[in-house]
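[1] Just need the structure, nothing else, for what follows:
(one chain, ligands or ions: 1)
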Amino acid sequence: MRIHEAAKYLNIDSKELIKILATKGIIVKSHMSTVPESIVEEIEKEIKNRNSQKIPEEEQLKEKKSEVSIKEEISLEETKVKKEIIEVTKNITVSEFANKLDIKPTELIKKLMSLGVIASINQNLGEEEIGIIASEYGKEIKFKDLYGDDLFKEEEKVEETESRAPIVTIMGHVDHGKTSLLDAIRKSNLVDKEAGGITQKIGAYEVQTQRGKIIFIDTPGHEAFTAMRARGAKVTDIVVLIVAADDGVMPQTVEAIDHAKAANVPIIVAINKIDKEGAQPERVKQELTKHNLISEEWGGKTQFALISAKKKIGIDELLEKILLEAEMLELKTNTKVKASGTIVEGRLDKGRGPVGTVLIQKGVLKVGDPFITNMTFGKVKALIDDKGHRIKEAVAVKPIEVLGFEEVPQAGDKFRVLDSEKEVKQIALKRITDKKRFIEEKKKKKITLEDLHKKIQSSVEKKLSLIIKADTIGSAEALYESIMKLSSESDIKVEIIHKDVGDITESDVLLADASNAIIIGFFVSVIPAAAEIAKEEGVEIKIYHIIYDVVNSIKAALEGLLEPEYEQIKIGEAVVRQVFKVLSENKTIAGCYMQNGKTYNDSLAAVFRNGYEILRGKITSLKRFKDNAKEVKEGFEFGLVVDKYNDVKENDKIVFLEEVQKVKKL
Ligand code: GDP
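    Numbers count the residues shown, from 1 in each chain. Model (predicted):
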């Protein structure tokens, strides 16, 4: 029976049940873990007993109550109902948590030990342990994220009912026309009087078509896209993949496809430069089928547009296609809440100080609003739109330049308006102290091949994501094949999210960071900037020169991910020569002789009588003469007590067993 079902059946909450189980020495992982029905029945009986004993107490209390004054009665009621709520961050340390509970760290460490958790004073605690311990002390826990991420989460919960414009990023190989397309779209949209004027480049802009508005992120390419995603921001709704008709699918085209797919964002293909001699749009379509981008006319699901960014051909049709895709996505927002959004660009302006472009995704942002982002905060001094106009308020969804940041904000950070400046400052201060630890934690969380098995818990989907960079197409393919073969032999999913030829770049590291993947390099180097980000973000890069080594280390990592299997192996055999009863302790000691092998004081013992196993249990006492022994070897006499083995008989045979973890091999 699952914990949560059992808790429901017993009419208590899961946490309480987990606590009761802990007192019985049963440690469970979560409310989805299972517990034997026999135990549930046992607990049910105990609860019934407890309640029947309680009734007279409550009746006594009632009688007493009539004597106490009304005021006291109220306070009694209150203490019964209200549990003190304490707010903690998710990775609080033992000493900090002890402080919150107002107890000594050593007391907490002891408590944790009773739950089977061995922790040192500076160790970070898990949510489950925090919950169980808190309820032992009659406290209720409210978790807060570092950086006030909870504030942003609340925002995510808001019901969204109003349709909104799509947000689009343009990606593709260098020189295939990303910038030209962004310019062409921007210009196609300017009203006459603005046409000669200079448009502001603020990191994102919006275009108004007859069928509706579209927002374009003005930093083309997948690096910016994935950098944002790595920071936890999902801004883009649709990716426009631009491929030059005279050049076809190139390495960065493939990268862009992989990045968009990893983020689960739909792709519209724009085949550009169709005005050029030598343009072969059909060939491009053909090449893209290999990457599962199949045009609708060929029975696929991907929309294709033929364009010329330079000659402004097909731009309106492309915009139409974007709106059609957006309609299918049914994008929604809510403009009735406090403004929130994502930073798409940040910079330091000489005259105006720190400036940030915020993509307002919900609500209405007004001049004077106090706000926070993950890393900084401020108060809106001015709002400037993508046409350079100062405006008083920006309604979602809209990109807007905001003045009034304390520090330059980072692209990908979240932005939210709060009730008061005071609240903003409090949060900002608290965060500075948490910042360091957060970064440390993030580094710790990244998966590395060596400790993969430790980090992926059984509750998490077992998956290993890899990026392969090799010196030649041939070796990349060979690696891919051997890794996929390993994967097919294992029940763990191996996903190769990107494979390519060439050195390991920043873009690879960002993709790995955003997708929690490991980078496997084969006869390639890591460019210094990429190595730096990898170090900062804790992304693992492994360089190999022999395919066999790659296969072996992935194999080892996968084996580590397999559920461990235990087996009991025989380590010794003894015979009972004499029986001693210790009446005072109500114990029976088996006086044994070790015929072969040995035993330890924590081994298992299987008792055989007349050739049949009658009992198997833990050794509770192992003695040589009067002294406790850790180990007894062949040819020695010793005293033995085995759990529940009270009916000891002479000539019983004892077989000693050790439990060993079997290493599963692929
Ligand atoms: P990006 O690197 O993807 O941003 O590509 P750019 O927009 O900078 O374009 C690269 C080159 O291709 C520039 O010289 C553009 O003028 C040219 N280009 C872009 N679009 C077209 C097009 O539709 N037709 C032709 N003939 N040239 C184009």
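[2] With adjacent residues omitted, what lies nearest to residue 507?
    residue 223 (5.1 Å; CB to CB, 6 or more residues apart in numbering). Just so you know, the C-beta spots here come from the backbone N, C-alpha and C atoms, and that holds for glycine as well.
[3] And residue 229, by the same measure?
    Closest to residue 229 by CB to CB, 6+ apart is residue 514, at 4.3 Å.
[4] And residue 399, by the same measure?
    residue 204 (3.5 Å).
[5] hang on, the earlier thing: what values do phi and psi take at the residue nearest to residue 229?
    When read as degrees, to the nearest 10, the backbone of residue 514 gives phi -70, psi -30.
[6] And it, how far from residue 465?
    10 Å (CB to CB, to the nearest Å).
[7] Looking only at neighbour counts, state which of the two leads.
    Between residue 514 and residue 465, counted using other CB atoms under 10 Å, the more crowded position is residue 514 (22 against 18).
[8] so the residue nearest to residue 399 makes contact with residue 359?
    Yes. Contact criterion CB atoms under 8 Å: residue 204 and residue 359 qualify, at 5.8 Å.
[9] where do the strands sit along the stretch 201-350 of the chain?
    204-209, 212-217, 238-244, 267-272, 304-306, 332-333, 340-349 (DSSP state E, counting those that start in this stretch).
[10] Off-centre distance for the shortest one?
    When you say that, I think you mean strand 332-333. Distance, stretch centre to chain centre, for strand 332-333: 25 Å (CA atoms, centre = their mean, to the nearest Å).
[11] same deal with the last one?
    From the chain centre to the centre of strand 340-349 is a distance of 25 Å (CA atoms, centre = their mean).
[12] now for that strand, which elements pack on it?
    On a contact count with 3 or more CB pairs under 8 Å, 6 or more residues apart in numbering; DSSP states H and E, strand 340-349 meets strand 353-362, strand 414-417.
[13] Redo those as a markdown table? Include distance to the ligand, mean pLDDT and mean neighbour count.
    Below are those laid out as a markdown table (distance: least, CB to the nearest ligand atom, whole Å; pLDDT from 0 to 100; neighbours: other CB atoms under 10 Å):
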| stretch | distance to the ligand | mean pLDDT | mean neighbour count |
| --- | --- | --- | --- |
| strand 353-362 | 19 | 93 | 24 |
| strand 414-417 | 28 | 91 | 25 |
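[14] Reformat the ones you listed as TSV; add distance to residue 541.
    Shown next, in TSV, are the helices and strands packed on strand 340-349 (distance: least, CB to CB, whole Å):
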stretch	distance to residue 541
strand 353-362	32
strand 414-417	29
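[15] any shared contact partners between residue 514 and residue 465?
    Common contact partners of residue 514 and residue 465 (CB atoms under 8 Å, 6 or more residues apart in numbering): none.
[16] interface residues of the stretch 301-450 of the chain facing the ligand?
    308, 309, 310 (CB under 6 Å from any ligand atom).
[17] List buried members of these by neighbour count.
    Buried subset of those (neighbour count, 16 or more other CB atoms under 10 Å): 308, 309.
[18] out of the residues of the stretch 301-450 of the chain next to the ligand, who's nearest residue 264?
    residue 309 (27.0 Å; CB to CB).
[19] Could you look up the SS state of the nearest residue to that closest one once chain neighbours are set aside?
    Excluding the flanking residues, the one nearest residue 309 by CB to CB, 6+ apart is residue 180, at 3.7 Å. At residue 180 the chain is in helix, as set by DSSP: H, G, I helix; E, B strand; the rest coil.
[20] likewise the one 4 residues further on?
    Taken by three-state DSSP, the conformation at residue 184 corresponds to helix.
[21] Next one: it from residue 318, what distance?
    In terms of CB to CB, residue 184 sits 9 Å off from residue 318.
[22] the more surrounded of these two?
    Counting neighbours by other CB under 10 Å for residue 184 and for residue 318 shows that residue 318 has the greater number, 26 against 22.
[23] bridging residues for residue 342?
    When assigned by DSSP bridges, residue 342 has beta-bridge partners residue 359, residue 414.
[24] Next one, pLDDT for it please.
    Residue-level confidence at residue 342 comes out at 92, pLDDT.
[25] Doesn't residue 379 belong to a strand?
    Yes. According to three-state DSSP, residue 379 belongs to a strand.
[26] Just the C-alphas of stretch 219-231, formatted as PDB.
    Provided in PDB are the C-alpha atoms of stretch 219-231 (Å, rounded to 0.1, in the frame of the first residue of the first chain):
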ATOM      1  CA  THR A 219      19.200  38.500 -30.100                       C
ATOM      2  CA  PRO A 220      19.200  35.800 -32.800                       C
ATOM      3  CA  GLY A 221      20.800  32.500 -32.500                       C
ATOM      4  CA  HIS A 222      20.700  29.600 -30.100                       C
ATOM      5  CA  GLU A 223      23.300  30.800 -27.700                       C
ATOM      6  CA  ALA A 224      21.100  33.500 -26.300                       C
ATOM      7  CA  PHE A 225      18.100  31.200 -26.400                       C
ATOM      8  CA  THR A 226      19.800  28.400 -24.500                       C
ATOM      9  CA  ALA A 227      21.600  30.800 -22.100                       C
ATOM     10  CA  MET A 228      18.100  31.900 -21.100                       C
ATOM     11  CA  ARG A 229      16.800  28.400 -20.800                       C
ATOM     12  CA  ALA A 230      19.800  27.500 -18.700                       C
ATOM     13  CA  ARG A 231      18.800  30.200 -16.300                       C
END
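[27] Any chance you could list what contacts it?
    Stretch 219-231 has contacts (CB under 8 Å, 6+ apart) with 169-172, 178-179, 182, 203, 217, 235-236, 239, 252, 255-256, 259-260, 262-263, 342, 344-345, 374, 410-413, 506-507, 510-511, 513-514, 537.
[28] can we see that at 7 Å?
    169-171, 178-179, 182, 203, 235-236, 255-256, 259, 263, 345, 411-413, 506-507, 510-511, 513-514 (CB atoms under 7 Å, 6 or more residues apart in numbering).
[29] from these, which would you call buried?
    Using 16+ other CB under 10 Å, the buried ones in the contacts of stretch 219-231 are 169-171, 178, 182, 203, 235-236, 255-256, 259, 263, 345, 411-413, 506-507, 510-511, 513-514.
[30] okay, the residue nearest to residue 290 when sequence neighbours are not counted: pLDDT?
    Of all residues not flanking residue 290 in the chain, residue 249 sits nearest, at 7.9 Å (CB to CB, 6+ apart). With respect to pLDDT, residue 249 scores 95.
[31] correct me, but residue 249 touches residue 243?
    Yes. Counting by CB atoms under 7 Å, residue 249 does reach residue 243; the two are 6.3 Å apart.
[32] residues shared between the contacts of those two?
    Joint contacts of residue 249 and residue 243 (CB under 7 Å, 6+ apart) are residue 284.
[33] Which one's more surrounded, the two?
    Neighbour count, other CB under 10 Å: between residue 249 and residue 243, residue 243 has more, with 27 against 21.
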